[in-house]
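Undergrad: sharing a model that was predicted from the sequence below.
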Amino acid sequence: MRKKWLVSMLAMLTLLAFPVSAFAAAEGPSTIELQSGLNSAFTFLAVVLVFFMQGGFALLEAGSTRMKNAGHIAGKTILTLGISVIAFWGLGFGLGFGNGNGFFGTTGFFMSGDNMAASFESLAFSDVPLTIKFVFHLAFAAVSLAIACGGMAERAKMSVYIVFGTLYTIIMYPVVAHWVWGGGWLAELGMQDFAGSTVVHLTGATAALVATILLKPRIGKYNKDGKPNIIPGHNQVYSVLGVIILWIGWFGFNPGSTLSAMGEGFFGYVALTTNVAAAAGGVAALLISWAVLGKSDIPSMLNGVLAALVAITGACAFVEPWAALVIGAIAGIITFFTAQYFDRKGIDDPIYAFSVHGIAGMWGAISTGLFATPELAEKVGVGQAGLFYGGGFHQLGVQLLGLAGAFAFVLVMSFIILGGMKAVMGIRVTEEEETMGLDLSEHGTYGYPEQMKHAESKSGGTFSS
């Protein structure tokens, strides 16, 4: 009896302490709040997937180069990621997406939060918070820088990644991003580049091409007659795992660029075209390598997958699945032949960055001018139908102008920046340092301590293979 009385008293005190309305069924979030929350969670998941692509780059590049450089190659991935975060936060995001003119943004520097939304009118189309939009675009910038640094593998000084990475993330990438995505002159013309065939991949690959040219080939890559020697990567399994991770990460890249999980689930359609293209690129590249070389070449297949993903990145929201298959297959075949062509011309690109991301990026930009359907162009709200769907040459012309403009700008800026760095501080390690390997010369330790020390003891001196 006393216990029941005590419970009753506590209940009465509780009712006196809190208004009755507090115990009424609390109103749930509104439909608008639910939509915004779901879109925000969806976009943040895409951010995680795109960031995870850095792991794919580390495995792909380390596996495609020699053991004596593996630790350095993997480690510089973290370095360039850190550089891109700081530089993009401070200046890059504002220059790329802030309010400004047709060439670059002039507001929104040193991002401090959603309170700066008024400085980014080009991003106002989505209800996702500005902070999430920032990390989403930051992930794209970091991927582009990783591509740009790929052409430097096995011979660039560590300091080059720091200086060039900072300038690339502030000067080059944001300007091209502003032109296409930030309300710039290409956006006004209606250039179609849904997730970055031009903005991310062609931009990064063009910088990689310039770096490769200025650094010159690795020791032993070419004979005196100019004939190239094959310098195989030390771990093909790493390369395969890297490509699988990148393939998965692309589901954040392309479907994530819808910034929405609502409506008819358009992100699912983008995932469909992306996946079909990737598969077609890998199969086509393997078959063409088999036909030309007499053996099916696994690295060629890996490059085919990546090239197809690069090409479909700009077109994924504008084309039908059958066209995605064609785009991917052509990308895989083009990359196989261009990789061999540049190799013969004395351009020593260890990961074939320009073939995979540059040439395929160009093809991706052109492909929407051919295959974009009027329904999808209207749905996305960018540009017009392509040549094969009754759109004439207008959209194709815009695409060609856009890729030419981006390529020319990055090419010139890369030569200015890297050329200046080469004259002032030098960009290549010494012959002795390159021979011993960058793991030891740049960091004082081996990426594979036990294996490398064993190999060195057997060779009777510094390990050089």
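TA: Thanks, I have it.
Undergrad: neighbours of Ser119, just the number please.
TA: 20 (other CB atoms under 10 Å). Every residue, glycine included, has its C-beta placed from N, CA and C.
Undergrad: so where do the helices sit in the stretch 151-300 of the chain?
TA: Taking DSSP state H, counting those that start in this stretch as the test, the helices found in the stretch 151-300 of the chain are 158-167, 173-181, 185-189, 203-215, 236-253, 266-293, 298-315.
Undergrad: could you say which of those is packed most deeply?
TA: Highest mean neighbour count of the helices of the stretch 151-300 of the chain: helix 298-315, a mean of 30 (counted as mean count of other CB atoms under 10 Å).
Undergrad: counting by contacts, list what it packs against.
TA: helix 236-253, helix 266-293, helix 321-344, helix 360-371 (3 or more CB pairs under 8 Å, 6 or more residues apart in numbering; DSSP states H and E).
Undergrad: three-state assignment of the nearest residue to Met116 once chain neighbours are set aside?
TA: The shortest distance from Met116 to any non-neighbouring residue, by CB to CB, 6 or more residues apart in numbering, is to Gly108 (5.6 Å). Under DSSP: H, G, I helix; E, B strand; the rest coil, Gly108 falls in the coil class.
Undergrad: tell me the phi and psi of Gly108?
TA: The phi and psi values for Gly108, taken as degrees, to the nearest 10, are phi 80, psi 30.
Undergrad: what is the burial count for it?
TA: 25.
Undergrad: for it, give me its contacts.
TA: Phe93, Gly94, Phe97, Gly98, Asn99, Met116, Ser119, Phe120 (CB atoms under 8 Å, 6 or more residues apart in numbering).
Undergrad: same thing but 6 Å
TA: Gly108 is in contact with Gly94, Gly98, Met116, Ser119, Phe120, counting by CB atoms under 6 Å, 6 or more residues apart in numbering.
Undergrad: neighbour-wise, give me the winner out of those.
TA: Ranking these using other CB under 10 Å puts Gly94 first, with 27 neighbours.
Undergrad: isn't that residue up against Met111?
TA: No. Counting by CB atoms under 6 Å, Gly94 does not reach Met111; the two are 7.6 Å apart.
Undergrad: returning to that earlier point: same list, the contacts of Gly108, but as CSV with distance to Ser355 and pLDDT please.
TA: CSV is the format used below for the contacts of Gly108 (distance: CB to CB, whole Å; pLDDT from 0 to 100):
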residue, distance to Ser355, pLDDT
Gly94, 33, 98
Gly98, 34, 97
Met116, 39, 96
Ser119, 38, 96
Phe120, 35, 97
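Undergrad: pipe those residues into JSON lines and attach secondary structure and distance to Ile333 per row.
TA: Shown next, in JSON lines, are the contacts of Gly108 (DSSP: H, G, I helix; E, B strand; the rest coil; distance: CB to CB, whole Å):
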{"residue": "Gly94", "secondary structure": "helix", "distance to Ile333": "40"}
{"residue": "Gly98", "secondary structure": "coil", "distance to Ile333": "40"}
{"residue": "Met116", "secondary structure": "helix", "distance to Ile333": "45"}
{"residue": "Ser119", "secondary structure": "helix", "distance to Ile333": "44"}
{"residue": "Phe120", "secondary structure": "coil", "distance to Ile333": "40"}
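Undergrad: nearest to Ile32, of the residues you listed?
TA: Phe120 (20.4 Å; CB to CB).
Undergrad: pLDDT below threshold where in the chain?
TA: 1-27, 451-465 (pLDDT under 70).
Undergrad: what does stretch 248-265 rub up against?
TA: By CB under 6 Å, 6+ apart, stretch 248-265 touches 35, 38-39, 42-43, 46, 49-50, 52-53, 56, 126, 128, 194-195, 266-267, 270-271, 274, 309, 313, 316.
Undergrad: quick one: that stretch to chain centroid distance?
TA: Taking CA atoms, centre = their mean, to the nearest Å, one finds stretch 248-265 lying 15 Å from the centre of the chain it belongs to.
Undergrad: can I get that stretch in PDB? Just the C-alpha atoms.
TA: The C-alpha trace of stretch 248-265 is given here as PDB (Å, rounded to 0.1, in the frame of the first residue of the first chain):
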ATOM      1  CA  ILE A 248      33.400   0.400 -55.700                       C
ATOM      2  CA  GLY A 249      34.400   4.000 -54.900                       C
ATOM      3  CA  TRP A 250      32.900   5.100 -58.300                       C
ATOM      4  CA  PHE A 251      29.500   4.400 -56.900                       C
ATOM      5  CA  GLY A 252      30.100   7.400 -54.700                       C
ATOM      6  CA  PHE A 253      31.600   9.300 -57.600                       C
ATOM      7  CA  ASN A 254      28.800   9.000 -60.100                       C
ATOM      8  CA  PRO A 255      25.500   8.100 -58.300                       C
ATOM      9  CA  GLY A 256      26.600  10.300 -55.400                       C
ATOM     10  CA  SER A 257      26.700  13.300 -57.700                       C
ATOM     11  CA  THR A 258      22.900  13.300 -57.800                       C
ATOM     12  CA  LEU A 259      23.100  14.500 -54.200                       C
ATOM     13  CA  SER A 260      19.700  12.900 -53.600                       C
ATOM     14  CA  ALA A 261      18.100   9.600 -52.600                       C
ATOM     15  CA  MET A 262      14.600  10.900 -53.200                       C
ATOM     16  CA  GLY A 263      12.200  10.900 -56.200                       C
ATOM     17  CA  GLU A 264      12.500   8.000 -58.600                       C
ATOM     18  CA  GLY A 265      15.900   7.000 -57.300                       C
END
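Undergrad: for the remainder of this discussion, apply numbering that starts at 721.
TA: Sure, I'll start counting at 721 from here, so that last one is stretch 968-985.
Undergrad: what is the neighbour count of Gln1119?
TA: If we define neighbours as other CB under 10 Å, then Gln1119 has 31 of them.
Undergrad: check contacts around it.
TA: Counting by CB under 6 Å, 6+ apart, Gln1119 has contacts Ala1085, Ile1086, Gly1089.
Undergrad: most surrounded residue in those residues?
TA: In terms of neighbour count, Ala1085 stands highest of the contacts of Gln1119 at 32 neighbours, by other CB under 10 Å.
Undergrad: the residue nearest to the spatial centre of the chain sits in which helix or strand?
TA: Most central in the chain under CA atoms, centre = their mean is Val863, positioned 3.3 Å from the mean C-alpha point. In the assignment (DSSP states H and E), Val863 maps to helix 850-870.
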